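K.L.:
what's the 3D shape of this:
(chains A, B and C)
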Amino acid sequence: MKKKMNGFLLAGLAITGLLTAAILLGTVWTPYDPAAMSGSEKYLAPCLQHPFGTDNFGRDILSRVMKGAGTTFFIAVLTVLIGAVFGTAAGALTGYFGGIVDDVLMRLNDALTAFPSILLALVVISLMGPGKTYNVVLALGLVFIPSFARVTRTAFASARDVNYIKSARLMGASSGRILLVHILPNTMNVLLPSITIGFNNAVLAEASMSYLGVGATPTDASLGYMLSEAQGMFGRAPWYALCTGAVIVLLVFGVGLIGEGLQRREGGVG
Amino acid sequence: MKYALKRILQFMLTMVIVSFLAFLAFDLISGDAATALLGTEATEEALAALREEMGLTRPLPVRYGEWLLGFFTGNLGVSYIYHQSVSELIAPKIAVTLLLSFVSFLLIVLISIPLGLSAAKRSGGILEASSSAFNQLCMAVPPFFTGMLLSYVFGIMLKWFMPGNFPDLHTDFGGAMKHIFFAAIAIAIPRIAMTVRMLKSTIQSEMRKDYVRTAISRGNDRSAVLRVHVLKNSLVPVISFLAQTMAEIVAGGIVVEQVFSIPGLGRMLVSSISNRDYPVVQAIIVILALWVVLSGTLADLVNQRIDPRLRLGGDR
Amino acid sequence: MKKRLTAFLLAALMCTGLCACGSKAESPSQSATAPPASSTESANKAANAVTVGIAQDLDNSLDPHKAVAAGTKEVMFNVFEGLVKPTSNGDLIPAVASNYTVSEDHLTYTFTLREGAKFHNGDAVTAEDVVYSLKRVAAPTETGVVQVEALSIMADVAAVDERTVAITLTEPSNEFISYLTVAILPADYTEQDTKPVGTGPFTFASRSAQENIILAKFEEYWGQKAYLDQVTFRIIENAEGLLMGLQSGAIDICSHLTTTQVSQLSDSEFSIAQGNMNLVQAMYLNNAVAPFDNVLVRQALCHAIDRQMILDLAFDGYGTLIGSSMYPAFGKYFDDTLTNHYAYDVDAAKALLAQAGYPGGFDMTITVPSNYQPHMDTAEVVVEQLKAIGVNAVIQPVEWETWVSEAYVGRNFQATLVGVDASTMTARALLERFTSTYSKNFINYNNAEYDALFAQAQACYDDAEQTALYKAMERNLTENAANVYIQDLADLVAVRKGLTGLEFYPIYVLDLSTVRYEG
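P.N.:
Numbering: from 1, shown residues only, chains lettered A, B, ... in the order given. Now for the predicted structure:
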């Protein structure tokens, strides 16, 4: 582990760590009940009691953002998980075994990766019915499978002919064992950047879909939904949109910095 | 020439597959078009008559063929919600979306190429690091958030354009362009950042190649080498990337059209999804898919002109 | 970082300049005719036109006999008229007819058509058109035409001569005349769906789905002609867009605004008119599905909702509380004693739920048309209040068209938060819809006593007695907690300074014929 930390990695980890801590905290404690309404505290500008101010129902925006970021974060993590697990599985099988299945699947994959993720997710959503959180997770998860499959396939395909794998095979290790124990850990360096990119895409896609009204519903308001709400009161409570938007930006920015940092550590760019 | 022909055939095959999948998927979930058109109170006889009239009783492949043919003859079916022909509904929206995409693309290319080139020259140092960080920041801003701020500042405070009032393209082209321009900025910002980053890493990895080092060590002018060799060899991946950008612009447009109330395909798509107006969704998705696949194909064709090695086929 | 951002914005601005020039060069003729930048307002004024923002597209068909949505009738009120039409103070005045007589036995109505009443296509209104129009809605044979059941008591409609129509009834009814606001359409015209033709102060000019509908002044209108030459109804289906449209000058008039929206408009640009929306806003419950088929559950919900809190939280205190399917503009029919029938009482609600077999509450879905911010806001507060009795409600936002087809026509919902309007100024218009056999009884209310009361009210010709019967029906709805009644919303209308003459009606319409530019 002589690879050293760099500024990007450090800053990224700091931002992401801080946000993750706030989100995790939000699952057990928020300064106020995020749903509690108060007629006397509507549209308060940011102040000591309400660092992010309050909204049209007098709800504490900081508390809402903590919960909402949790929803967004949860959806993003889940979709990346779906994408990574199934994508890696597909990539491993096709890459390792090759053959006609590989050819067909990869053609399909190429076609799918050409499509922007929001577009594909919208198609899936329109097939499954809008306005349900688990549908969004499924839609986005499905959409992320091809890109993971593509990345891992290359890694598995090239690992197939490496000497120590050949010898493992000769020693009678099962294919499953080779794939899981011998190759998978070595794909981490290609998988990790894909995960950071995938996470960011998922956050942005989820926010966009909720903004469009086909994602999360008011009951489990995600950051995107809150932004669409905030747009309607920009003139009266600009802090609502600005704080919510800033959190989305920071969430993506932090992970982006980590990705950049990782890449620099690996490739020594710059 | 052979390569081009092959690529075009491939393109057509992809489109047939994509459109078939779209047709099949929506055919399976959309239920009965006749019920959708006549409402729930229609009599069984009326439904049967309409099904017959619409040809819904015929086998799936026949209906698919007819629907596909519709793309060439302009007959894309009837909207469940508006009871209007789909092609009539979406034709005016296509022009708007095309304009928006085109302006966004222009912005991206015009701004990111000079920025990317100058970024590639920098190596190390605080300036390079901070510009990379700034680049990451730009990538992190969702277009709809930028759009919200832009429409508030330039639309409502400065009144440079009127959010909520997209002028008719034919009577007030200038006004419509102004509207489109601000939306294009919102779409372009993160894409510009990505393109700059991509350009920078492509050029820098090219610069590290042996032939470049040799050329420079032989005493050739550094910037001349950059211009003549490096740029030419970096062009292929850049063009592929721009094709991908073209596709992403359309996706970004879906959201941004909503922010700026621009009546394009994206807005139509979103409301049709919510309304489960499947004929419209089907048509728009196939049109957008056409756009995506077409830009990929065009990029490949251009690349093959630039780098004849690609003509030999094989995996890129 | 900030400097870079500024620099970037500056660069972007420079591009604006370039682009603007570029486009002008490309289309000189167009920019010459186009109005100067950002001044639709002044351009509108010069053209004696206004743009009205509306939150939903109109019904698919513009045929007034097929209209379902209140929003469609609201707009098309400017295009169509009946033999009689309502005024802003709730009276009925002769419209297409110039006068009418009623026989001694109240069974025969004789209408004389107005001299000079013309359709927008230039044809004079004939007795034949009236016969056609009334028969068309009394017993519809065409798909899509909504039956006006109140007209089914007509025994016969006949043209006596070119300009006289005689209507005979099977039984006397003192409400019958109110239903003759039904639009009179030309008998031999087949394009009513897409190019509607009526007799009102405005003619239909054009429609673009999801975009706009444009009306123009009808120069040959029989009465006081409209002041404006053109009215554009611009459809903006999200609340943010509507607000931005007002702020940026794209929209001149917009009704049904929330106090949040109004507070963001500048006083120097808009005057805010306040009236009532004339809607029964309620959480409508599907009485045929569990758990809402249980009267105790419905009553529990009524007790669990703090309506005054809803007004305070979501409407800055504006709005009028109601307790049944009736609002104050109906005067004598409105029974104020029902308003507070269910006091806000969480304990009582919990007790009722326990009695109904749901001691721990239940999950429910509230369907809300997402383009109506007031309903969305109300729903959010309702969800929060229901938590106190263990009821876990989620909001399902749907597009307006989906709401109409799924919830209203399809009756496929659990609870839905909307406002229901009255098409005419009769108690019947609000109350008949909950009789068990009525085709648009979307909540599936099925109460024998209610049906009987309605039948009695129809058979009754004594006004006081009939009013009492209608009030009994209202009480029936309240006591059985047919729906969770909330309020008649305050209607905040933003009108651009310089425009005047907007009048509020006791029904859900937006009359533009009296609107004009000052000076």
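K.L.:
so who does residue C:70 touch?
P.N.:
C:279, C:419-421, C:508 (Cβ atoms under 8 Å, 6 or more residues apart in numbering or on different chains). C-beta here means a position set from N, CA and C on the backbone, and glycine is covered the same way.
K.L.:
Any chance of TSV for those, columns pLDDT, distance to residue C:468 and secondary structure?
P.N.:
Below are the contacts of residue C:70 laid out as TSV (pLDDT from 0 to 100; distance: Cβ to Cβ, whole Å; DSSP: H, G, I helix; E, B strand; the rest coil):
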residue	pLDDT	distance to residue C:468	secondary structure
C:279	90	25	coil
C:419	92	27	strand
C:420	91	23	strand
C:421	86	24	coil
C:508	86	26	coil
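K.L.:
Can you pick out the most distant pair from the residues you listed?
P.N.:
Farthest pair in those (Cβ to Cβ) is C:420 and C:508. Separation: 9.5 Å.
K.L.:
quick revisit: ok, of the contacts of residue C:70, which one's closest to residue A:57?
P.N.:
The closest of the contacts of residue C:70 to residue A:57 turns out to be residue C:419 (Cβ to Cβ; 20.1 Å).
K.L.:
so which helix or strand takes in residue A:120?
P.N.:
helix A:117-128 (DSSP states H and E).
K.L.:
That helix packs against which elements?
P.N.:
Secondary-structure packing of helix A:117-128 (3 or more Cβ pairs under 8 Å, 6 or more residues apart in numbering or on different chains; DSSP states H and E): helix A:133-159, helix A:188-212, helix B:2-29, helix B:231-259, helix B:265-275, helix B:278-306.
K.L.:
Report the buried residues of it.
P.N.:
Neighbour counts over helix A:117-128 (16 or more other Cβ atoms under 10 Å in any protein chain shown) mark A:117-127 as buried.
K.L.:
and residue C:495, helix, strand or coil?
P.N.:
In three-state terms, and counting by DSSP: H, G, I helix; E, B strand; the rest coil, residue C:495 is strand.
K.L.:
wait, isn't it in contact with residue C:271?
P.N.:
Yes: between residue C:495 and residue C:271 there is a contact under Cβ atoms under 8 Å: 5.4 Å.
K.L.:
For the two, indicate the residue with more neighbours.
P.N.:
residue C:495 (20 against 16; other Cβ atoms under 10 Å in any protein chain shown).
K.L.:
And that one, what's its pLDDT?
P.N.:
pLDDT for residue C:495: 94.
K.L.:
Check the one 3 residues further on too.
P.N.:
The pLDDT attached to residue C:498 in the predicted structure is 92.
K.L.:
hang on, the earlier thing: which among the buried residues of helix A:117-128 gets closest to residue A:257?
P.N.:
Proximity of the buried residues of helix A:117-128 to residue A:257 (Cβ to Cβ) peaks at residue A:117, which lies at 21.3 Å.
K.L.:
how about the residues of the stretch 401-519 of chain C that lie near chain B?
P.N.:
By Cβ under 8 Å from any Cβ of the partner chain, the residues of the stretch 401-519 of chain C that approach chain B are C:401-402, C:405, C:409-410, C:439.
K.L.:
switch to 7 Å and redo it
P.N.:
Residues of the stretch 401-519 of chain C lying close to chain B (Cβ under 7 Å from any Cβ of the partner chain) are C:401-402, C:409-410.
K.L.:
out of these, which are buried?
P.N.:
Among these, those buried by neighbour count (16+ other Cβ under 10 Å) are C:401-402, C:409.
K.L.:
so of those residues, which ones are in helices?
P.N.:
Residues of these located in helices (DSSP state H): C:401-402.
K.L.:
between the buried ones among the residues of the stretch 401-519 of chain C next to chain B, which is nearest chain A?
P.N.:
Using Cβ to the nearest Cβ, residue C:402 comes nearest to chain A of those, at 9.7 Å.
K.L.:
isn't that closest one right next to residue B:274, touching?
P.N.:
Yes: using Cβ atoms under 7 Å as the test, residue C:402 is close enough to residue B:274 to be in contact (6.4 Å).
K.L.:
that older thread, mind putting the buried ones among the residues of the stretch 401-519 of chain C next to chain B in TSV, pLDDT included?
P.N.:
Formatted as TSV, these follow (pLDDT from 0 to 100):
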residue	pLDDT
C:401	75
C:402	79
C:409	81
